[in-house]
Structure formats: C-alpha cells, structure tokens
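K.L.:
For reference, the sequence and a predicted model appear below.
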Amino acid sequence: MGFWLFKSEPDTWGWPDQVARGAAGEEWHGVRNYQARNNMRAMQVGDLGYFYHSNIGKEIVGIVEVCRESQPDSTSDDPRWDCVCIRAVQPLLRPVTLETCKVQPGLEKMVLINNARLSVQPVTADEWRIICNLGGLS
DNA sequence: GCCAACGTTGGC
DNA sequence: GCCAACGTTGGC
C-alpha cells in the first residue's frame, strides 16, 4: 500500500469541501506538473494520503483514500494530464503543522519540507506512522 | 506583500 | 541542447 500527501489551498478546496463529497470522492483535477502527475499515476485504489492545507493553516488536517486510479483530467483538453479520485476517510484529532514536521525527528526527509512546491507527494511508511501518532491516531 | 525556489517556455 | 526569461507556488 502506498502513502501520499495532497496539498490544497483551503480557500479554493479545503478539507470540509472534501468531506462534503462523501464516499463518492472527488477528482483531484488541476494538477499541471509532471512529477505530481506521475505520483498520481503510481497510485492504486486503497492507497492512503494526507490532506494538507497550504498557505492558510499550513497543516495536515485529514486522511484520504484513493478511490479511482488515474484517468484523464476532466478539466483539461490536453491528454498529458490525468488524475485520481480521492475521498475523505477521517480528520486528524489534532492537525499536524508544517512547523511540527520540521522539528520532528524522523521527518527530516519529508518531501513537504524539502520540496515544498510539489503538490502531490509520496510519504514513507515511517513518516505516515509518525504523523498519525502526532495527529492523535494510532 | 515579498521573494526564493522551482518548473516551463522559447530563442538561439 | 542550452539557458535566459518568465510565471507560479507557497512560506514567511
């Protein structure tokens, strides 16, 4: 199983919006970056991801699940771009801030810290566990 | 609002 | 294929 991190500006598409989509989930459209797209192409249904609020909050707020493999982005005519669908699973009991990640042993190599601009990122199993613990989930 | 980091574009 | 110019992202 793979672990990932999805970034979104909450005033464009935030965690409450994601939750409102329910089990049907939502297409993660709009990504126009090869690295991010390739990450989505590598995803499998059932993979889990963190939902991160950039700019406002700068914190990981919830867990999502990939519910559809990568398919053409409905918002683009360009066949280069495709994307997965994700659905909200549950919120973290306590959001985990970027600041916390920066000083947390074991998270030094997180893509979030070292390549802040990549909007869809891989997360290692170790990083996943550490952040779950910080977020109050076991 | 600023600006550093990064990705993309396009002229050569 | 190189690289300067430009646009965007996102932390501060």
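P.N.:
Good, I have the coordinates. Everything quoted here is computed from the prediction, not taken from an experiment.

K.L.:
What pairs with the helix or strand hosting A:Gln90, parallel or antiparallel?
P.N.:
Per DSSP states H and E: A:Gln90 is located in strand A:82-97. Partner strands for strand A:82-97, per DSSP bridges, with pairing direction: strand A:26-27 (antiparallel), strand A:59-72 (antiparallel).

K.L.:
DNA strand C is nearest to which of these?
P.N.:
When the strands paired with strand A:82-97 are compared by C-beta to the nearest atom of the strand, strand A:59-72 sits nearest DNA strand C, at 9.4 Å. Where C-beta positions appear, they are placed from N, C-alpha and C, glycine not excepted.

K.L.:
Write out the residues of chain A neighbouring DNA strand B.
P.N.:
Within chain A, the residues that sit near DNA strand B (C-beta under 7 Å from any atom of the strand) are A:33-35, A:115, A:117-118.

K.L.:
In CSV, list the strands paired with strand A:82-97 along with mean pLDDT, mean neighbour count and distance to A:Pro10.
P.N.:
Formatted as CSV, the strands paired with strand A:82-97 follow (pLDDT from 0 to 100; neighbours: other C-beta atoms under 10 Å; distance: least, C-beta to C-beta, whole Å):
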stretch, mean pLDDT, mean neighbour count, distance to A:Pro10
strand A:26-27, 96, 18, 15
strand A:59-72, 97, 20, 8
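
K.L.:
can I get the CA coordinates of the helix or strand following the strand holding A:Gln90 in PDB?
P.N.:
Counting by DSSP H and E, the next helix or strand C-terminal to strand A:82-97 is helix A:98-103. Only the C-alpha atoms of helix A:98-103 are listed here, as PDB (Å, rounded to 0.1, in the frame of the first residue of the first chain):
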ATOM      1  CA  LEU A  98       4.400  22.200   9.000                       C
ATOM      2  CA  GLU A  99       6.300  23.700  11.900                       C
ATOM      3  CA  THR A 100       5.900  20.500  13.900                       C
ATOM      4  CA  CYS A 101       7.000  18.400  11.000                       C
ATOM      5  CA  LYS A 102      10.200  20.500  10.600                       C
ATOM      6  CA  VAL A 103      11.400  19.700  14.100                       C
END
